[in-house]
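In: below are the sequence and a predicted model; questions follow.
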Amino acid sequence: MQPRVAVVGSGPAGVYAAEALIRYAGEVSVDVLDALPAPFGLVRYAVAPDHPRTQSISESLATVLDHPGVRFLGNVRVGADISIDELLEHYDAVVIAVGAATDRRMGIPGEDLPGSVSATDLVAWYCGNPDVDPGRFVLDASSVAVVGAGNVAGDIARMLARSAGELAATDAPDHILAAFAASSVRDIHLIARRGPAQSRFTTRELRELGDLELADLLVDPADLELDAHSAEVVSSSSAARRNVEVLRGWVGQAETRLDRRIHLRFFQRPVEVLGTDRVEAIRLERTRLDVDGEVHGTGDIVDLPVQMVVRAVGYRSLPLDGLPFDEGSGVVPHLNGRVHRDGVVMPGLYVAGWAKRGPTGVIGTNKHDARETVRSLMDDLPALPRAAADSPDAVVQLLESRGVDVVSWAGWRAIDLAEVEAGRRQGRPRAKISDRAALLRIAAGEG
Ligand SMILES: Cc1cc2nc3c(=O)[nH]c(=O)nc-3n(C[C@H](O)[C@H](O)[C@H](O)COP(=O)(O)OP(=O)(O)OC[C@H]3O[C@@H](n4cnc5c(N)ncnc54)[C@H](O)[C@@H]3O)c2cc1C
């Protein structure tokens, strides 16, 4: 019997692992399981709706899931619907590619006040993730603080500053377009603890902030005077140099012409979220960098009136039952993709993607990462204990006996078609469906 491998997670890492398996292992059958009824992980549920080119990577991921040697089993949560041990009974090897489902916290007082939210939730909401209540957010704040200086923070600031017209051509669910059209947001403050030279925006993302229909971009020239450490960073990193140049090009836009404003606020660290029943302001302390780039507070405090705070200070994986987890680094411990517990390799268990290396890199980074994992798996395969020689349908039967509505690849294709059709009627590429019950009905051919 040909080897059987389960890949848990159908984001880029899981799909690239499946691709490497069919390409390099030859005769192998791969099941890709996902907790969501739809595939593609964060490509579908985090890449911003106004970035259709990046979203279109899902088309090449689909060609892998379309392969006869690969089977998609959606709406299956590993750890709840089926355990890792059960997977190891049915498959010769299991690749964990569950990404990073939660966010890092700022660790400051007031962080849990209503109106103080995580980027994870906000992004999942506007991308139509069925696990987020459609009514979870109302954009009734006039001023919003977005804490973070990377592409996720940039995405959120840009999305909040977009006009209804700019968003109308995207694939966002109808209720999201309605929420953005009714948005009260006028001022968006991007808050960074360090300086422009240390910001982690890619230059392309940064430039986009200055190219919005409705929003001006404001930057304080004083923030662009380089301290000793920043000067060193700029001289050694072309990416940092480009970012600083882009920012310098925006200096002097003192007169705002437009309806909305993005304020770039460098050298500010949040020390408290203020408010009684909900967010009313964010307290910021001015920072400075020492020669080693370490951040120090200056004691210079300002309270910025905002009604919403979004923390975009990093994603983080969640522990999965039956798997070791390194709380410090927030990843599954591994040696070249082989999962280990306290240095002892767990036979048949592998990890790839964000669950393996943390939330870094671009989508393509997961390809190399998944290949490394698959190479380890293939080296080990001849010596791995073989799984039960039952029918490939045994897993599906087990899940169905537990009341799980497994979404097949044909089921996903039906959802895909329904979304594209709904979009076409509105003159846009797709209108995402975010209601889980509706997704399951369509997948079952009852839509
Ligand atoms: C807001 C945001 C915007 C981004 N924009 C870009 C961009 O424009 N360009 C770019 O190159 N990169 C972008 N990225 C990064 C990119 O999305 C990641 O590199 C990539 O998605 C990581 O892949 P992954 O497969 O490890 O994880 P994920 O994409 O998160 O996939 C993990 C999958 O595992 C599933 N899963 C989780 N737990 C379970 C379980 N228990 N059982 C079954 N399935 C489970 C999830 O449902 C998910 O489908 C962005 C990331 C974020 C957060």
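Out: Ah, there it is. Since this is a predicted model, take the numbers as computed values, not measurements.
In: stretch 5-20 near the ligand anywhere?
Out: Yes: contact of stretch 5-20 with the ligand (C-beta under 6 Å from any ligand atom) involves V8, G9, S10, G11, P12, A13, G14. All C-beta spots, glycine's among them, are computed from the backbone N, C-alpha and C.
In: and stretch 395-415, by the same measure?
Out: No: using C-beta under 6 Å from any ligand atom, stretch 395-415 stays clear of the ligand, coming no nearer than 11.4 Å.
In: element containing the closest residue to the ligand within the stretch 151-300 of the chain, please.
Out: Here the stretch 151-300 of the chain gets closest to the ligand at one residue, V152, 4.3 Å apart by C-beta to the nearest ligand atom. Taking DSSP states H and E as the criterion, V152 maps to helix 151-161.
In: closest to D34 out of the residues of stretch 5-20 next to the ligand?
Out: S10 (4.1 Å; C-beta to C-beta).
In: from the ligand, how far off is the closest residue to A46 other than its chain neighbours?
Out: Spatial nearest neighbour of A46, excluding adjacent residues (C-beta to C-beta, 6 or more residues apart in numbering): V123 at 5.2 Å. Using C-beta to the nearest ligand atom, to the nearest Å, V123 is found at 4 Å from the ligand.
In: does V123 count as helix, strand or coil?
Out: In three-state terms, and counting by DSSP: H, G, I helix; E, B strand; the rest coil, V123 is helix.
In: identify the residues contacting the residue of the stretch 151-300 of the chain closest to the ligand.
Out: A46, A119, V123, A312, Y315 (C-beta atoms under 8 Å, 6 or more residues apart in numbering).
In: and the pLDDT for it?
Out: What the model reports for V152 is a pLDDT of 96.
In: against S142, how distant is it?
Out: The gap separating V152 from S142 is 23 Å, by C-beta to C-beta, to the nearest Å.
In: again with V332
Out: For V332, the distance to S142 - C-beta to C-beta - is 42 Å.
In: what do you get for V374?
Out: 50 Å.
In: who has more neighbours, the two?
Out: V374 (27 against 14; other C-beta atoms under 10 Å).
In: for the protein, which residues are neighbours of the ligand?
Out: So far as C-beta under 6 Å from any ligand atom goes, the chain lies against the ligand at 8-14, 33-36, 41-43, 46-47, 51, 54, 77-79, 97-99, 101, 123, 152, 155, 315, 320, 353-354, 361-363, 366.
In: in PyMOL, select just the buried ones from those.
Out: Here is the PyMOL command that picks out the buried ones among those, judged by 16 or more other C-beta atoms under 10 Å:
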select buried, resi 8+9+10+11+12+13+14+33+34+35+36+41+42+43+46+47+78+79+97+98+99+101+123+152+155+315+320+353+354+363+366
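In: residue of the stretch 301-447 of the chain with the smallest distance to the ligand?
Out: For the stretch 301-447 of the chain, C-beta to the nearest ligand atom, closest residue to the ligand: G353, 2.4 Å.
In: for stretch 265-278, measure first residue to last.
Out: 23 Å (C-alpha to C-alpha, to the nearest Å).
In: and the strands in the stretch 151-300 of the chain?
Out: Assigned by DSSP state E, counting those that start in this stretch, the strands in the stretch 151-300 of the chain fall at 187-191, 215-219, 260-265, 268-274, 281-289, 295-305.
In: turn the contacts of V152 into TSV, including pLDDT and secondary structure.
Out: Shown next, in TSV, are the contacts of V152 (pLDDT from 0 to 100; DSSP: H, G, I helix; E, B strand; the rest coil):
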residue	pLDDT	secondary structure
A46	97	coil
A119	97	helix
V123	98	helix
A312	96	coil
Y315	87	strand
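In: closest one of those to D66?
Out: So of the contacts of V152, ranked by how close each gets to D66 (C-beta to C-beta), first place is A46, at 22.8 Å.
In: near R257, how many residues? Count them for me, please.
Out: For R257, using other C-beta under 10 Å, the count is 7.
In: coming back round to it: mind putting the contacts of V152 in CSV, distance to E327 included?
Out: Formatted as CSV, the contacts of V152 follow (distance: C-beta to C-beta, whole Å):
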residue, distance to E327
A46, 24
A119, 21
V123, 24
A312, 22
Y315, 15
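In: most widely separated two among these?
Out: A46 and A312 (11.4 Å).
In: quick revisit: dump the residue contacts of the residue of the stretch 301-447 of the chain closest to the ligand.
Out: Applying C-beta under 8 Å, 6+ apart, the residues contacting G353 are G9, G11, P12, A13, G14, A97, G99, N366, D369, A370.
In: for L399, same thing?
Out: L73, V76, D81, I82, V406.
In: including distance to L247, neighbour count and pLDDT, could the residues you listed go into CSV?
Out: Converted to CSV, these look like this (distance: C-beta to C-beta, whole Å; neighbours: other C-beta atoms under 10 Å; pLDDT from 0 to 100):
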residue, distance to L247, neighbour count, pLDDT
L73, 47, 24, 98
V76, 46, 25, 98
D81, 48, 18, 98
I82, 50, 22, 98
V406, 50, 21, 98
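In: which one of these is nearest to the ligand?
Out: V76 (6.2 Å).
In: what helix or strand is the closest one located in?
Out: Using DSSP H and E, no helix or strand contains V76.
In: apart from its chain neighbours, what residue comes closest to it?
Out: That would be L33: by C-beta to C-beta, 6+ apart, it lies 4.7 Å from V76.
In: then T203?
Out: Closest to T203 by C-beta to C-beta, 6+ apart is R242, at 4.4 Å.
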